[in-house]
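Student: predicted structure and sequence below. I'll ask about it afterward.
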Amino acid sequence: MKLYFNEKTKAEKDMMRIAELCAKEEKLDPERISISVSFVSKDEIKQLNRDFRNNDKVTDVLSFPQFEKKELKKLNMPEIEIGDVVICMDKVKEQAAEFGHSEERESMYLFTHSVFHLLGYDHMNEADKKVMRAKEEKIMALYSLPKLAKEASKNAYSPYSKYKVGAALLTKCGKIYTGCNIENASYGATICAERTAMVKAISEGCKSFVALAVTDWPCGICRQFMYEFSPDMIVMCKDKEYTLRELLPEGFRLEDK
Ligand code: THU
């Protein structure tokens with residue numbers, strides 16, 4: 001993934017992650033995709049909105065796709081410039097205050113929305129809007145997992161190892177469950193962060209998993225525990241993403257017999 005910015009930004013790493021998650025969601029190789037990202041003033045975005053969309057108003061984000069959805073999969077150039085994202089940070093600030101969430105959350109949501117436009121999605125009718133929103137929600141959830149895992153590690157009960165681990169799990173039902181490691185004086189009774197999150201989800205009826213983020217490498221027992229329920233899930237650890245099958249090749253499942 002390559003992002004070309006018009007100015008230096010602290011958001012580079014987060015936007016990169018979002019763009020990669022979006023590309024993977026569309027089964028496109030992130031390595032081959034590039035996007036141009038510009039931060040502009042209210043006046044500038046108003047002008048662009050007027051000139052290119054015939055709408056003489058300030059807006060939060062504009063997207064200029066280069067291709068249609070069906071074209072994207074067929075392209076075989078080594079680098080595909082899928083289009084331009086234009087964001088107005090003054091508008092981001094206003095909207096974040098209005099919605100009562102962080103500027104980071106607002107800008108990442110708008111960026112996700114815009115990248116899906118570049119990937120051929122639209123919200124002209126209700127059906128298309130529903131599909132696009134579901135995609136956006138999934139990416140925002142995936143994006144939030146590592147941060148939630150870190151947050152969850154603060155609740156670790158680990159007086160013996162003094163080692164704190166956190167996990168965050170996204171289920172197919174769309175819910176996120178977090179967990180931490182919980183140790184015990186009878187050491188074998190210790191439960192890892194990943195399994196804490198998974199047993200919380202399963203006990204509430206969600207036993208299909210999309211992705212789990214953990215603040216460390218998952219141990220063998222946790223890998224096997226995940227494999228029972230969702231062998232194709234994503235595991236995020238150490239700033240990287242793996243499929244569970246990569247982390248546990250030839251995992252054991254009675255169902256496979
Ligand atoms: N731990 C986890 O929470 N997850 C893992 O996958 C590896 C280990 C915890 C268990 C124990 O409380 C501490 O790390 C030290 O082993």
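Tutor: Looks like it arrived, so ask away.

Student: ok, the closest residue to Leu110 other than its chain neighbours - contacts?
Tutor: Using CB to CB, 6 or more residues apart in numbering and skipping the chain neighbours, the partner closest in space to Leu110 is Val61 (4.4 Å). Bear in mind the C-beta positions are built from the backbone N, C-alpha and C, glycine included. Going by CB atoms under 8 Å, 6 or more residues apart in numbering, Val61 touches 85-88, 110-111, 113-114.

Student: apply 6 Å and report the result again.
Tutor: Val61 makes contacts with 87, 110, 114, as judged by CB atoms under 6 Å, 6 or more residues apart in numbering.

Student: from Cys88, how far off is the closest residue to the first one other than its chain neighbours?
Tutor: Counting by CB to CB, 6+ apart, the nearest residue to Ile87 once its immediate chain neighbours are dropped is Val61, at 5.2 Å. Going from Val61 to Cys88 by CB to CB, to the nearest Å gives 7 Å.

Student: ok, now Ser153?
Tutor: Ser153 is 36 Å from Cys88, by CB to CB.

Student: check Lys70 too.
Tutor: To Cys88, Lys70 is 31 Å away according to CB to CB.

Student: these two: which has the busier surroundings?
Tutor: With neighbours defined as other CB atoms under 10 Å, Lys70 and Cys88 compare such that Cys88 has more, 26 against 8.

Student: which residues sit in contact with that one?
Tutor: Neighbouring residues of Cys88 by CB under 6 Å, 6+ apart: 40, 42, 45, 60.

Student: the residue in the stretch 1-150 of the chain that the ligand sits nearest to: how many residues sit nearby?
Tutor: Nearest residue of the stretch 1-150 of the chain to the ligand (CB to the nearest ligand atom) works out as Ala149 at 10.6 Å. Close neighbours of Ala149, defined as other CB under 10 Å, add up to 27.

Student: I'd assumed Leu169 was in contact with it.
Tutor: No: Ala149 lies out of contact with Leu169 (CB atoms under 6 Å); the separation is 9.0 Å.

Student: ramachandran coordinates for the spatially closest residue to Pro159 that is not a sequence neighbour?
Tutor: Using CB to CB, 6+ apart and skipping residues adjacent in sequence, the residue nearest Pro159 is Glu183, 6.5 Å away. Dihedral pair for Glu183: phi -90, psi 170, per degrees, to the nearest 10.

Student: repeat for the one 5 residues further on
Tutor: The phi and psi torsions at Gly188 (degrees, to the nearest 10) take the values phi -60, psi -20.

Student: that one and Tyr160: what is the separation?
Tutor: For Gly188, the distance to Tyr160 - CB to CB - is 12 Å.

Student: which of these two has more residues huddled nearby?
Tutor: Taking other CB under 10 Å, Gly188 and Tyr160 do not tie; Tyr160 has more neighbours (11 against 5).

Student: does that one count as helix, strand or coil?
Tutor: Here Tyr160 is coil, with the state taken from DSSP: H, G, I helix; E, B strand; the rest coil.

Student: now Trp217
Tutor: Following three-state DSSP, Trp217 is assigned to coil.

Student: for it, give its distance to the ligand.
Tutor: 7 Å (CB to the nearest ligand atom, to the nearest Å).

Student: residue contacts, that residue?
Tutor: By CB under 6 Å, 6+ apart, Trp217 lies in contact with Cys237.
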